[in-house]
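J.: structure, please.
(2 chains)
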Protein chains: 2
Amino acid sequence: MISTAKADALIAEAYAAQNRTHPTERLPLAQAVGRILDVDVVADRDQPPFHRVAMDGIALALPGDSAPLPARVRLDGRLWPGISTPEGPARPAPGNAIEVMTGAALPEPWNTVIPVEDLTEDREDNGDYRTIRSGTRIVPGMNIHVRASDYRQGDPLFSRGTVITPPHIHVLASVGWDPVPVVAMPRIALVSTGDELVPVRETPLPHQIRMSNLPAIEACLAAARLPVGSTTHLPDDPDALHAGLRAALAAHDVVITSGGVSKGSRDFLPATLEALGCVRVFHGVAHKPGKPLWFGVAETGALVFALPGNPVSSLVCFVRYVSPLLRCWGRPYDGAGPFTLPLAGDTTAHPSFTLFLPASRARRPDGSPTIGPRKSAGSGNFAGLVPSDGFVEIPAGAGTLSAGTPVPFFPWTL
Amino acid sequence: MISTAKADALIAEAYAAQNRTHPTERLPLAQAVGRILDVDVVADRDQPPFHRVAMDGIALALPGDSAPLPARVRLDGRLWPGISTPEGPARPAPGNAIEVMTGAALPEPWNTVIPVEDLTEDREDNGDYRTIRSGTRIVPGMNIHVRASDYRQGDPLFSRGTVITPPHIHVLASVGWDPVPVVAMPRIALVSTGDELVPVRETPLPHQIRMSNLPAIEACLAAARLPVGSTTHLPDDPDALHAGLRAALAAHDVVITSGGVSKGSRDFLPATLEALGCVRVFHGVAHKPGKPLWFGVAETGALVFALPGNPVSSLVCFVRYVSPLLRCWGRPYDGAGPFTLPLAGDTTAHPSFTLFLPASRARRPDGSPTIGPRKSAGSGNFAGLVPSDGFVEIPAGAGTLSAGTPVPFFPWTL
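T.: Got it, this is the predicted structure:
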């Protein structure tokens, strides 16, 4: 058996060695969130594309050297977003102002905005006036979001490989990318095995159970917005396994199986996969639960994760080893755990196995987050996982980790 | 202007006062993850439903008082998952054993499993034997996952209102729930306003910009797997706004608008919404960015969030106030921030405004997580948000918060 760290390294290496060209797909802009950009994005215009009014108020045309201002100005025009020139005079009259609204494109020579908060309004028969609150500090250029101050036309904005967040969507919209080219998701096959399993909708005989490992993994994929290409159940029969797995390997990038990898005389998965040309990368990891985990690479380049059939083992191994890789698909695999949280209490490691312990988020009295592991209820007791938010990883041979020690935390869903 | 805390309380109160019956929808099991269960779930059978073999190995029928065992036993049968009785003898012969595989339903009187790790195999002409490793401690009942030890038939498992995680999916599958009744998502309308905006696919005139607030919000909704019922763009014209908003209010549970709520003379949203019978709950919150945020309740009961049009303000107000409520839809609103993280460095509060500062996750040398706020680039500079993972909330008047102080962190996507 290899260590958890070695398993991570071997998975990363196999993924890197695939060296495949990932196909591109084009998605409606908002749907591209969380995906990997498959194009270099350049600014098609300055941002802002004009001197943008940053506050509701009035605009003045001030000379560079701040001349003393009258305390009261007459409004002889109005400018709002969506029009190209002020309604009113084409040129400012000395000492006069125009009313402006946030977001408007301010033409020269107007160059300074005083916000409504610093003005009082007074209207007379001969016009509309604003009095500037005494003590208002006026600096030429104030409250203008200057053209090209965020970026310039032609600037490289994002490079291929960027993970798209909502702020990226904002920028992609502003430069006109809709749809957006992103790296296609892997084609994922889920395969369950086990003669004792019946579909969820059926009533099992006394010695049978409903299949639940695959639905739990499908749920993790659904929560991560990862599509499932196919779902199959295969009997514990070498010929049927051979045919079913051959089909799954041929048409998918990642094949995830459940069951049939332990030491029983009817655990046919490893031999069947190897007979189909899969190269075994490892079989057995010094972690609990999930020791019999098998990982290999098919002749097609498909990555194959053969998860143990024990329900807790299958879910934990999926979340620990498979899910982080799938979320990186199309860019370099950056390792496993996205979270590290301090332990809520002292936690004792196993001398030779890495432990994955179900754990719940909690808070210290000062509000800061901690993670509280609980004793595992056993790898067959999936109901025992329900009160947990995920699991923590306690390294083999670490002795007793004291409360406050940061440990990797793997939530059931991100 | 009200405080951030007051805004939270008023939103929670308006949501609670809706007191509406949320419709149910039935989803394929795995798709129900993250949703709210709309049924009480009871165990339809014991779990495990039989004495379940917990290890690959051999099973013995031991009397309650541990008699000395022979070091070597003869196998006269085999039991695997999916069959109801062992292949071989119906009754155990004294001193003999059967081979068993993990997950099998073990009938009486077999009651004890010794794992393969503690056995060596030897076959002779007259049968198949296993030698038990010397020193193996054998306790009657060992390595059996006892029937009904996780839960019993008739036990209440989950109550209506439970948020469904992958472990729940495991249990729901085992008790046969597919499809699953869940609370229907809110019907969400997105409405953008602003005469300066053109669709993302079009080329703007020099004084125009492409619409980007709505795509960024749509992306947040997509990441949270929240459906968008309708997306509309309305011009800054009172009649068009009236007609468009009336339609949105009539057909949705939540209406989210962007723009037109500030102090400019063409900010028509508040007056239009009020003319349509919406009761204003608040207009203006002492937070930055996003001061002009408007929130109200329509005659239909629809909740209306009128977000400021400044791009940073619109996204931040959505993530801070709207998204947490949407994620609670169908159960009591449990407040805003799911995360609290310690500040990476000293951070100075504003004397009278709550600050939402863009922030990036980081790690201390010991691996524990921190959150590092950066100075805001201004509420018009959405490109300035790109390097951040979300924003932190720095309470008004808190002085200088020292590094390590836990603060609420709102990631752009969960």
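
J.: distance check, the closest residue to A:L37 other than its chain neighbours against A:L414.
T.: Excluding the flanking residues, the one nearest A:L37 by Cβ to Cβ, 6 or more residues apart in numbering or on different chains is A:T162, at 4.4 Å. For glycine as for every other residue, the C-beta is placed from the backbone atoms N, C-alpha and C. Per Cβ to Cβ, to the nearest Å, A:T162 is found 19 Å from A:L414.

J.: what mean pLDDT does the one helix or strand A:I98 maps to get?
T.: According to DSSP states H and E, A:I98 maps onto strand A:96-100. Strand A:96-100 shows a mean pLDDT of 94.

J.: off-centre distance for whichever helix or strand comes after that strand?
T.: Per DSSP H and E, the first helix or strand lying C-terminal to strand A:96-100 is strand A:112-115. Here strand A:112-115 is found 40 Å from its chain centre; the criterion is Cα atoms, centre = their mean, to the nearest Å.

J.: check which helices and strands strand A:112-115 is in contact with.
T.: On a contact count with 3 or more Cβ pairs under 8 Å, 6 or more residues apart in numbering or on different chains; DSSP states H and E, strand A:112-115 meets strand A:57-60.

J.: who does the strand it packs on pair up with?
T.: strand A:96-100 (antiparallel), strand A:112-115 (antiparallel) (DSSP bridges).

J.: which of those sits most buried?
T.: Among the strands paired with strand A:57-60, strand A:96-100 has the highest mean neighbour count (mean count of other Cβ atoms under 10 Å in any protein chain shown), at a mean of 25.

J.: what's that one in contact with?
T.: With Cβ atoms under 8 Å, 6 or more residues apart in numbering or on different chains as the test, strand A:96-100 has contacts from A:53, A:56-60, A:73-80, A:86, A:88-89, A:92, A:106, A:110, A:113-114, A:130, B:265.

J.: would you put the C-alpha positions of it in CSV?
T.: Listed next in CSV are the C-alpha coordinates belonging to strand A:96-100 (Å, rounded to 0.1, in the frame of the first residue of the first chain):
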residue,chain,number,x,y,z
ASN,A,96,-22.4,77.8,-15.2
ALA,A,97,-22.8,74.0,-14.7
ILE,A,98,-24.8,71.1,-16.1
GLU,A,99,-26.7,68.5,-14.1
VAL,A,100,-25.0,65.1,-14.5
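
J.: ok now it, how far from the chain's centre?
T.: Distance, centroid of strand A:96-100 to centroid of chain: 45 Å (Cα atoms, centre = their mean).

J.: what is the least confident helix or strand in chain A?
T.: Between all helices and strands in chain A, the lowest mean by mean pLDDT, DSSP states H and E belongs to strand A:119-124, at a mean of 85.

J.: mind listing what's buried in that one?
T.: Neighbour-count burial for strand A:119-124, counted by 16 or more other Cβ atoms under 10 Å in any protein chain shown, picks out A:L119.

J.: same check, this time on stretch A:205-221
T.: For stretch A:205-221, using 16+ other Cβ under 10 Å, the buried residues are A:207-221.

J.: and if you look at stretch A:120-138?
T.: For stretch A:120-138, by 16+ other Cβ under 10 Å, it's A:Y129, A:R130, A:I132.

J.: is that stretch anywhere near chain B?
T.: No: if you take Cβ under 8 Å from any Cβ of the partner chain as the test, stretch A:120-138 misses chain B, and the best it gets is 10.4 Å.

J.: who's in contact with that stretch?
T.: A:58, A:60, A:62, A:66, A:69, A:71-76, A:97, A:112, A:114, A:118-119.

J.: show me where the stretch 201-350 of chain A has strands.
T.: Assignment of strands within the stretch 201-350 of chain A using DSSP state E, counting those that start in this stretch yields the ranges A:209-210, A:230-234, A:254-258, A:279-283, A:287-288, A:294-297, A:303-307, A:339-342, A:347-348.

J.: of those, which is nearest A:W329?
T.: strand A:254-258 (8.2 Å; Cβ to Cβ).

J.: okay, the angle between that closest one and strand A:230-234?
T.: 40 degrees (axes from the mean of the first three to the mean of the last three Cα atoms, to 10 degrees).

J.: which elements pack onto strand A:254-258?
T.: Using 3+ Cβ pairs under 8 Å, 6+ apart, strand A:254-258 sits against strand A:188-193, helix A:213-223, helix A:238-251, strand A:303-307.

J.: of all those, which one is nearest B:A344?
T.: Per Cβ to Cβ, nearest to B:A344 of those: helix A:213-223, 28.9 Å.

J.: distance between the closest one and the chain's centre?
T.: Worked out by Cα atoms, centre = their mean, helix A:213-223 lies 17 Å from the chain centre.

J.: give me the mean pLDDT for that helix.
T.: 97.

J.: what's the answer for stretch A:236-251, then?
T.: 97.

J.: one step back: take the strands of the stretch 201-350 of chain A and write them to JSON lines, including distance to A:L326.
T.: Shown next, in JSON lines, are those (distance: least, Cβ to Cβ, whole Å):
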{"stretch": "strand A:209-210", "distance to A:L326": "26"}
{"stretch": "strand A:230-234", "distance to A:L326": "15"}
{"stretch": "strand A:254-258", "distance to A:L326": "7"}
{"stretch": "strand A:279-283", "distance to A:L326": "17"}
{"stretch": "strand A:287-288", "distance to A:L326": "19"}
{"stretch": "strand A:294-297", "distance to A:L326": "14"}
{"stretch": "strand A:303-307", "distance to A:L326": "10"}
{"stretch": "strand A:339-342", "distance to A:L326": "17"}
{"stretch": "strand A:347-348", "distance to A:L326": "29"}
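
J.: what's the least confident stretch among those strands?
T.: strand A:339-342 (a mean of 88).

J.: got the contact list for that strand?
T.: Taking Cβ under 8 Å, 6+ apart as the rule, strand A:339-342 contacts A:361, A:368-371, A:392, A:403-411, B:363, B:367-369.

J.: repeat for stretch A:11-25
T.: Looking at what lies outside stretch A:11-25 - Cβ under 8 Å, 6+ apart - the contacts are A:38, A:181-184, A:281, A:295, A:297, A:301, A:303, A:321, A:325, A:328-330, A:332-333, A:335.

J.: show the buried residues in the residues you listed.
T.: Buried among the contacts of stretch A:11-25 by 16+ other Cβ under 10 Å: A:38, A:181-184, A:281, A:295, A:297, A:303, A:321, A:325, A:328-330, A:333.

J.: count of residues packed around the nearest residue to A:A271 once chain neighbours are set aside?
T.: Excluding the flanking residues, the one nearest A:A271 by Cβ to Cβ, 6+ apart is A:P238, at 7.7 Å. Neighbourhood size, A:P238 [other Cβ atoms under 10 Å in any protein chain shown]: 13.

J.: wait, A:P238 sits on A:D267?
T.: No: if you go by Cβ atoms under 8 Å, A:P238 and A:D267 don't touch, sitting 11.1 Å apart.

J.: my read: A:I58 touches A:V73, true?
T.: Yes: using Cβ under 8 Å, A:I58 is in contact with A:V73, at 6.7 Å.
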